[in-house]
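**Q** Just need the structure, nothing else, for what follows:
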Amino acid sequence: MFKPLLWLLAVALPAAAAVEIKDDGGATTRLEAPPQRIVSLLPSLTETVCELGACARLVGVDRYSNFPASVNALPKLGGMDDTNVELIAALKPDVVLLAVSSRVSERLRALGLKVVALEPRSYKDVQRVLGLVGQVLNVPDAQRVWRHIEAGVAAAASSVPPAAHGMRVFYEVSSGLWGAGESSFMGETLTRLGAVNIIPAALGPFPKLNPEYVVKANPALIMIGARGAQGLAERPGWDRIDAIRRGRVCVFSADEGDVLSRPGPRMAEAAQIMARCLREKAR
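**A** Numbers count the residues shown, from 1 in each chain. Purely as a prediction, here's the structure:
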């Protein structure tokens, strides 16, 4: 007796419309319905999916995705150079989110999997990627996350004292002397906090530098991870750098490094970490 009513309800409630996503690699992926089984192969994308309320839809993540804590219980699918394609296929995802620089995109597509490649490197990229992931997930107001980020960065900037404004900063993001340039999301945060990056936008977001370049630039403050900070003052000529002579070096923990290095929902927290460094070293 209830079958006609159920049929009427089914007709009355339209299914979510299919969407076509043009990703950062130039490929277009059509999703007939919001994906219920998602694989994420980039930590910032994992965090974005979770921030948009779809953490429960994740069925696997890359080795480095570790936030929020719940994703640590998911199958780990390797890193950039050793992604486990067979395990990804076995998980039967509705969509795989990964970096444009990932080497497995075409292999996954050849297996018939839906792939969306995204590469957030700047503030503008992060805002755009939030919108695209929101479309993938069928989340209507993904930009609420961006508004939260902007408000948090503005609050962090207001906490930086005038004495720190104009301070010349070198941010070493990885061993081998890779730095965060002006055009990177890290560099943009430094600029918003009133600091001056010694790496101009012309050198790219994350250039590999000659040690002498940093010596000549003579930063007043160095930001660096705990691993890279070992033996910093012993680098040839670096004892002449103002930041090292004055003890103006901020050494970030591994957890802080994760927050700082991921262009995603925790960028406001990253700005607060940088702002605290600037406040402390400007004294």
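**Q** For the longest strand anywhere in the chain, what is the distance to the chain centroid?
**A** Criterion DSSP state E: the longest strand present in the chain is strand 168-174. Offset of strand 168-174 from its chain centre (Cα atoms, centre = their mean, to the nearest Å): 17 Å.
**Q** Next secondary structure element downstream of it?
**A** Toward the C-terminus, strand 168-174 is succeeded by strand 178-179 as the next helix or strand (DSSP states H and E).
**Q** All the strands of this structure, in order from the start?
**A** With DSSP E as the criterion, the chain has strands spanning 19-22, 28-31, 38-40, 58-61, 95-98, 115-117, 168-174, 178-179, 196-197, 221-225, 249-252.
**Q** Domain map for the chain?
**A** If you go by automatic domain parsing, the domain ranges for the chain are 15-140, 160-281.
**Q** So which residues of the chain form helices?
**A** Along the chain, the segments classed as helices by DSSP state H run 3-12, 43-51, 85-90, 105-110, 123-137, 143-158, 185-192, 211-217, 226-229, 242-245, 254-261, 267-281.
**Q** residues making contact with the fourth one?
**A** Pointing back at helix 105-110 there. Here helix 105-110 makes contact (Cβ atoms under 8 Å, 6 or more residues apart in numbering) with 25, 27, 85, 88, 89, 96, 98, 115, 117. Any C-beta I mention is one placed from the backbone N, CA and C, and that applies to glycine too.
**Q** what's the distance between the closest residue to residue 27 other than its chain neighbours and residue 47?
**A** Of all residues beyond its chain neighbours, the one nearest residue 27 is residue 117 (6.7 Å), with distances taken as Cβ to Cβ, 6 or more residues apart in numbering. Using Cβ to Cβ, to the nearest Å, residue 117 is found at 17 Å from residue 47.
**Q** Who has more neighbours out of these two?
**A** For residue 117 versus residue 47, the count of surrounding residues by other Cβ atoms under 10 Å is larger for residue 47: 25 against 21.
**Q** I figured that one was touching residue 266, is that so?
**A** Yes: if you go by Cβ atoms under 8 Å, residue 47 and residue 266 touch, sitting 6.5 Å apart.
**Q** so what sits against both of the two?
**A** By Cβ under 8 Å, 6+ apart, the residues touching both residue 47 and residue 266 are residue 67.
**Q** Select, out of the domains of the chain, the one closest to residue 153.
**A** Nearest of the domains of the chain to residue 153, taken as Cβ to Cβ: domain 160-281 at 4.4 Å.
**Q** how far does that closest one stretch from start to finish?
**A** Criterion Cα to Cα, to the nearest Å; first-to-last residue distance in domain 160-281 is 11 Å.
**Q** Show me how far that domain is from its chain's centre.
**A** Taking the mean of its C-alpha atoms, domain 160-281 sits 17 Å from the chain's own mean (Cα atoms, centre = their mean).
**Q** Same check on stretch 146-156?
**A** From the chain centre to the centre of stretch 146-156 is a distance of 16 Å (Cα atoms, centre = their mean).
**Q** mind putting the domains of the chain in JSON lines, distance to residue 149 and mean pLDDT included?
**A** Converted to JSON lines, the domains of the chain look like this (distance: least, Cβ to Cβ, whole Å; pLDDT from 0 to 100):
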{"stretch": "domain 15-140", "distance to residue 149": "7", "mean pLDDT": "95"}
{"stretch": "domain 160-281", "distance to residue 149": "5", "mean pLDDT": "96"}
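**Q** Could you dump those domains into JSON lines with distance to residue 152 added?
**A** Listed next are the domains of the chain as JSON lines, based on distance: least, Cβ to Cβ, whole Å:
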{"stretch": "domain 15-140", "distance to residue 152": "13"}
{"stretch": "domain 160-281", "distance to residue 152": "2"}
